[in-house]
Structures are given as C-alpha cells and as structure tokens.
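Chemist: okay, here's the prediction I keep looking at, along with the sequence it came from:
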Amino acid sequence: MASKFAKLLPILTFSLFLSLFSFPANAAEKGENEGKLNISHEIFGHIEDAYEWHFFSVGDFEASIPLPVILYSPSKGLSAFSAAKFHHGEEAYNGYKINEKGKIEAIDGSKFYDFSLTKNVVAMFIAVIILLVVFIRVGKTYTKNGSDKAPSGFQNAVEACVVFVRDEVAKPNLGDAYKKYMPFLLSLFFFIWLGNLLGLIPGGANLTGNIAFTCCLAAVSFLVMLFTSKKDFWSHLFNPPGMPFFVKVVLVPIELISLIIKPIALTIRLFANMLAGHIVVVCFILLIFIFAGLNKFVGIGFAPISIGLSVFSTLIEVLVTAIQAYIFANLVSVFIGQMIEDHHSHDGMDHVHSANEISA
C-alpha cells in the first residue's frame, strides 16, 4: 500500500504543476498592475461548462479544442459550426455571440435552442465509451475463460468492485430482489466514479460538479423507483394503517414531501461535494498568484506550500470520488428498497426503520 502511494504522489504533484499552466501566465502581473486578481472568474472559469476544451495557457497561446456548436432557431433554422468561430468569445458569428457568463445568445435577442456538444457533454460520451470498452472486454474474458477460473489483473479489480456493490449496496437494501437491480446500480456506481475521476485530470471536465448532470442522474433514479414501486408502498403512503384520520391529514403531505425530496437530495449531495472539492484544489493553486500579486518572491516562496496543500487535497479527492459514487448508489438502493418491500412482514418493518436511519 505504501509503495502504491509513493508512486501516486509524484504523479499527482506533476499533474498539479501542469494545472498551473491552465491559469494565465501573467495572472500575477495582472494582480500587480490592476490591483487585484479576479478570483471568482478564475475559479468558476475552471469548473464551469464551456464550448471549447481548454487545457492550458502559456502567455498569449491557449491550448484548447473547439467543440461543435449546434443551434436551432425557429426564425433562422439550424446552425452548426465550430466554437473556434467565436475566437474564445471575443467575436460574434452567424448572429450569435458568447456573453460574459459563457453562454451563447442571439445578437437580435431571438429565441433559439442549444444542442451544442459542450465540454461536459463530450466528457460524458468519453466516460460512456470507456465503460463500454472496459466491461465488453471483461465480459469477453469471462466468456472465454468461464466463471470457474480465478480472475487476474484488471478483471480482478473490476470483479472486486462488482462484489462490493453486490454485498454492501444491493443485498442489504434490496434483499432477494437485488439481482434485478444490479445492472442499474453497477451502471450508476461506475459511471459516477469515472465521471468524478475525469474531473481530477488537469484540463479535465467538471462533469459531476455540474448540477444539470447530477439532476439527470437523480431523475432517472427517481423514475426507476416509481416504476418499480409496489401498490403496498402507495397504500401505506396515502392511507397509513392504524392512524387516526386527523393524523393522516398531517402525515400524508409530509410523506409526499419526503418522496419529492429524495431526488433533490441525490442531486444536491453529489453536486455540492464534487464542486466543493474542485474549488478547494483550484483555490490552493490560486494562492500562488495571490501572493505573487503582493510580491514576486513571496509568490515563489509560497509555491511549495500551495503545491503541497493541493497534492493533499487531490489525494483526498481521489478517495472522495469512490465514496460519492458509493453513497449515491447506496441511497438509490435504499429508496428502491423502501418502495418494493413488503410492509406486512416483521422483517420488512425492521428494514424500513434501518433504511430510514441510513437515508437520514
């Protein structure tokens, strides 16, 4: 374990040195000449979605890949072009421009629909392709060698994660019905985990730190909960047994609110944790430019401390990527378990109490 950590540490340090180039090379000079560095612009510029994939900047040179812009306007029709036409947001093209918030808007104020492949959308496709390649490869290995042969190498690592999700997430919360939901839970776990890891790569996309992405994951999970729920769940929700009528009048709205809050909690929990982690790492790196704005030598002297704090935070984030994927998958399985269990059995009631404790 110690040897693996020793190998990982220089890689993370080198990655963070590379991430320094993603900030303007003259950031310290701007802070000195203009009186202050625009901290909020630098932070949110690195965690927000964009129409180009920016890697790093050296002076006036910016290494970035422009992405396809696809717009549909009822008055102008379909427009498809490269984001390079905007020249990093400095110029307008075909009646459209990028505003100060980094969003495309029509110059004449007309209504349009944006179907562009932004950085987060491309990152999502990359994550899907990686997962398909990995699991198709592992599946072919099982087909070739059979399930009786002990796995090795990468196959062994994937199987360990699958067994963990099965034994720690699916079985405790779903009981005998766990096999039915394993493909969905495994897809959630690995997709979120990989999306989290992609955000740690210098120049990578902050996929799970985008609330639209986590909202879609929560919405899909909520639909699975609703369409797999049993009548017993709804009967207990709208007509709690053994309760006086005046208590039901108060209890039923509360239960409905708690049902609606479930996808909201899933959305905010993943989004907030991953966004906060990215902001912390970026802030530690920005400390170099902040102190350099005060004095060039102070900035150079503080650089090792800033890099050390960034490495420490990144190490924590590597662990958080897996933890947040586990928490999301576990909460989804808990919520599904609440909606499919049999309330008439004593074991089912015990499961309700334990599930409520976990979700709380």
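Modeler: Ah, there it is.

Chemist: quick one: classify the residue sitting nearest the centre point of the chain as helix, strand or coil.
Modeler: Geometric centre of the chain, nearest residue: Thr208, 1.2 Å, by CA atoms, centre = their mean. What DSSP: H, G, I helix; E, B strand; the rest coil gives for Thr208 is coil.

Chemist: Asn196 is in contact with that one, correct?
Modeler: Yes: counting by CB atoms under 8 Å, Thr208 does reach Asn196; the two are 5.2 Å apart. C-beta here means a position set from N, CA and C on the backbone, and glycine is covered the same way.

Chemist: what's the residue nearest to the centre of the chain in contact with, if anything?
Modeler: Ile192, Gly195, Asn196, Gly199, Thr214, Leu270, Phe271, Met274, Gln324 (CB atoms under 8 Å, 6 or more residues apart in numbering).

Chemist: show me what contacts Phe271?
Modeler: Thr208, Gly209, Asn210, Ile211, Phe213, Thr214, Cys215.

Chemist: the lengthiest helix in the chain: what's the following helix or strand?
Modeler: The longest helix of the chain (DSSP state H) is helix 245-294. Heading C-terminal from helix 245-294, the first helix or strand you meet, by DSSP states H and E, is helix 296-340.

Chemist: coming back round to it: quick one: the longest helix of the chain to chain centroid distance?
Modeler: 12 Å (CA atoms, centre = their mean, to the nearest Å).

Chemist: from the contacts of Thr208, pick the one nearest Lys119.
Modeler: Among those, Gly199 lies closest to Lys119 (CB to CB), at 11.0 Å.

Chemist: now the closest one. Its backbone dihedrals?
Modeler: Phi and psi for Gly199, reported as degrees, to the nearest 10, are phi -70, psi -20.

Chemist: number of nearby residues for it?
Modeler: Using other CB atoms under 10 Å, Gly199 has 24 neighbouring residues.

Chemist: try Leu270
Modeler: Leu270, neighbours per other CB under 10 Å, totals 26.

Chemist: the one 3 residues further on too?
Modeler: Residue neighbour count, defined by other CB under 10 Å, stands at 20 for Asn273.

Chemist: if I look at it, how far off is Thr267?
Modeler: 12 Å (CB to CB, to the nearest Å).

Chemist: please apply the same query to Trp193.
Modeler: 17 Å.

Chemist: over to Gly146?
Modeler: 41 Å.

Chemist: just Ser310 next, same as before
Modeler: In terms of CB to CB, Ser310 sits 28 Å off from Thr267.

Chemist: more neighbours, these two?
Modeler: Neighbour count, other CB under 10 Å: between Ser310 and Thr267, Ser310 has more, with 25 against 22.

Chemist: ok, the more buried one touching Phe284?
Modeler: Yes: contact criterion CB under 8 Å: Ser310 and Phe284 qualify, at 4.3 Å.

Chemist: list the buried residues in stretch 213-227.
Modeler: Going by neighbour count (16 or more other CB atoms under 10 Å), the buried part of stretch 213-227 is Phe213, Thr214, Cys215, Leu217, Ala218, Ser221, Phe222, Val224, Met225.

Chemist: so what's the last one up against?
Modeler: Neighbouring residues of Met225 by CB under 8 Å, 6+ apart: Lys262, Val332, Phe335, Ile336, Met339.

Chemist: coming back round to it: among the contacts of Phe271, which two are most distant?
Modeler: Across the contacts of Phe271, no pair lies farther apart than Gly209 and Cys215, at 12.5 Å, counting by CB to CB.

Chemist: low-confidence ranges in the protein?
Modeler: Scanning the chain for pLDDT under 70 picks out the ranges 1-39, 42, 45, 57-60, 147, 343-360.

Chemist: how about the helices in it?
Modeler: With DSSP H as the criterion, the chain has helices spanning 2-20, 27-34, 39-47, 119-145, 154-165, 171-174, 178-198, 211-228, 231-238, 245-294, 296-340, 346-359.

Chemist: distance of Phe86 from Leu197?
Modeler: Phe86 is 30 Å from Leu197, where distance means CB to CB.

Chemist: contact partners for the residue lying closest to Val122 once chain neighbours are set aside?
Modeler: Nearest non-adjacent residue to Val122, counting by CB to CB, 6 or more residues apart in numbering: Leu67, 6.3 Å away. If a contact means CB under 8 Å, 6+ apart, then Leu67 has Tyr51, Glu52, Trp53, Ser82, Ala83, Ser116, Leu117, Thr118, Lys119, Val122 as its contacts.

Chemist: at 7 Å instead, please
Modeler: Listed by CB atoms under 7 Å, 6 or more residues apart in numbering, the contact set of Leu67 reads Tyr51, Glu52, Trp53, Ala83, Ser116, Leu117, Thr118, Lys119, Val122.

Chemist: buried ones among the residues you listed?
Modeler: Judged by 16+ other CB under 10 Å, buried ones among the contacts of Leu67: Tyr51, Glu52, Trp53, Ala83, Ser116, Thr118, Lys119, Val122.

Chemist: now for Val249, how many residues are close by?
Modeler: Residues lying near Val249 (other CB under 10 Å) number 10.

Chemist: for Gly102, grab phi and psi.
Modeler: phi 80, psi 10.

Chemist: for burial, what's the neighbour tally of it?
Modeler: 14.
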